[in-house]
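Colleague: Show me how the following folds:
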Amino acid sequence: MDTSAIAALAAKAQALPGTALPQVSAEHELHIDGDYAAYYFSGNDETTISAAKAKLLDYIRTVQQYGGVGGRTVVHLSSSGTDKGRRYKIATVKPYQGQRDSSRRPKNWEALRNWLEDGLPGSVGIQIKMWLDREADDGVAASARFALSKGRMPVISSRDKDFRMFGGLHVVWTTLDVVRVPANAWEVIGPDGEVYGHKWFWLQMLQGDSADHIPGLEMIKGKKGFKTCGPSCAESVLQFVDNNLDAFFNVSVLYEDYYGDEWADRFVEQAALLWMRNDNKAEVDNFMQIIPQPEKVLLDAVQRLKDRL
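Modeller: Next up, the predicted model:
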């Protein structure tokens, strides 16, 4: 979405009855995925760096408006040299983000990243948070959880679908639709039909995340043998599930069908890759918070993962 499209959406929202923007509140704080923003607003080879900076700032100001942000605004970035929460070491089924080619970054990417890391010189009221022990999106998740625990409302904007698993006021990147997801919600359906809440994590445990090269469960047992499990398949598995306990049971059974005695290790690996870590230390087993009554076989697999790292 370019700057003119963002401006048009903002004007439309203010002009139409029933679409008034939320009242500005000091309790609303904005958290932006700077890793993605640096790619997105770099533009193409004809885009100047000054235009890229202007578009990024315009977007931040627009999301502030849509989220009623009167509190702080934070742009989160993964530090260079980060091991992304040890995800490169965790992944054994497929290399984490193994399909990405860093040599194909946009022309303005490095200059825009440097400008962000320097604190957006010339802009006012925007903080930068660099994360070394985790990815930027884990940092947003941790910040959102902390804000909610203090009675504040995190306003979140990223095009990364992983963000949909945690609570906050989500401003959809491409449409600026606002989706309110309560803390620890099981399922919220956005205006675009997308799933938010913990259910999204469990869907990914089945269908995987192709953007990060995370396979999820590559095959599930069907009536005629094993088959791949895409979004429709994953949704059918969780169609009548409305809580984490039942989701764990349904999903873990399918992992055991495919992996046999190794199911717990493969389950723990995928969960550690997919879950957005919202604790202070970015622990690899942070996902265990949504698995009620974990059995010894799962706890042993978690310990084996920690020992391996």
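
Colleague: which element is the nearest residue to residue 29 once chain neighbours are set aside on?
Modeller: Among residues not flanking residue 29 along the chain, residue 71 sits closest, at 3.8 Å (CB to CB, 6 or more residues apart in numbering). (C-beta placed from N, C-alpha, C; glycine too.) Using DSSP states H and E, residue 71 is not contained in any helix or strand.

Colleague: distance of residue 71 from residue 56?
Modeller: 20 Å (CB to CB, to the nearest Å).

Colleague: Mind checking which of those two has more residues around it?
Modeller: residue 56 (24 against 20; other CB atoms under 10 Å).

Colleague: Please name the residues that touch that one.
Modeller: Applying CB atoms under 8 Å, 6 or more residues apart in numbering, we find residue 56 in contact with 37, 41, 112.

Colleague: any idea which of those residues is closest to residue 86?
Modeller: Taking CB to CB as the measure, residue 86 sits nearest to residue 37 out of the contacts of residue 56, at 24.5 Å.

Colleague: Could you find the closest non-adjacent residue to the closest one?
Modeller: With CB to CB, 6+ apart as the criterion, residue 37 has its nearest non-adjacent residue at 5.8 Å, and that residue is residue 56.

Colleague: helix/strand/coil for the one you found?
Modeller: Secondary structure, DSSP: H, G, I helix; E, B strand; the rest coil: residue 56 is helix.

Colleague: What of residue 156?
Modeller: Classification of residue 156 using three-state DSSP returns strand.

Colleague: List the beta-bridge partners for the closest residue to it other than its chain neighbours.
Modeller: Excluding the flanking residues, the one nearest residue 156 by CB to CB, 6+ apart is residue 168, at 4.5 Å. Assessed by DSSP bridges, residue 168 has beta-bridge partners residue 181.

Colleague: Let me see the contact set for residue 168.
Modeller: Applying CB under 8 Å, 6+ apart, the residues contacting residue 168 are 31, 144, 147, 148, 153, 154, 155, 156, 181.

Colleague: How about the secondary structure of the residue lying closest to residue 72 once chain neighbours are set aside?
Modeller: Using CB to CB, 6+ apart and skipping residues adjacent in sequence, the residue nearest residue 72 is residue 29, 4.9 Å away. Secondary structure for residue 29, judged by three-state DSSP, is strand.

Colleague: Which residue ranges of the stretch 101-250 of the chain form helices?
Modeller: Applying DSSP state H, counting those that start in this stretch to the stretch 101-250 of the chain gives helices spanning 109-117, 136-149, 198-207, 231-237, 244-259.

Colleague: And these: which comes nearest residue 279?
Modeller: Once the helices of the stretch 101-250 of the chain are compared by CB to CB, helix 136-149 is nearest, at 6.7 Å.

Colleague: what's the closest one packed up against?
Modeller: Under the contact definition 3 or more CB pairs under 8 Å, 6 or more residues apart in numbering; DSSP states H and E, helix 136-149 sits against strand 28-33, helix 34-40, strand 73-78, strand 126-131, strand 153-157, strand 168-171.

Colleague: Please produce CSV containing the ones you listed, extended by mean pLDDT and distance to residue 86.
Modeller: Output for these, formatted as CSV (pLDDT from 0 to 100; distance: least, CB to CB, whole Å):
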stretch, mean pLDDT, distance to residue 86
strand 28-33, 97, 20
helix 34-40, 95, 17
strand 73-78, 97, 13
strand 126-131, 96, 13
strand 153-157, 97, 24
strand 168-171, 96, 25
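
Colleague: a markdown table for those, including distance to residue 199?
Modeller: Formatted as a markdown table, the helices and strands packed on helix 136-149 follow (distance: least, CB to CB, whole Å):
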| stretch | distance to residue 199 |
| --- | --- |
| strand 28-33 | 21 |
| helix 34-40 | 23 |
| strand 73-78 | 24 |
| strand 126-131 | 26 |
| strand 153-157 | 17 |
| strand 168-171 | 15 |
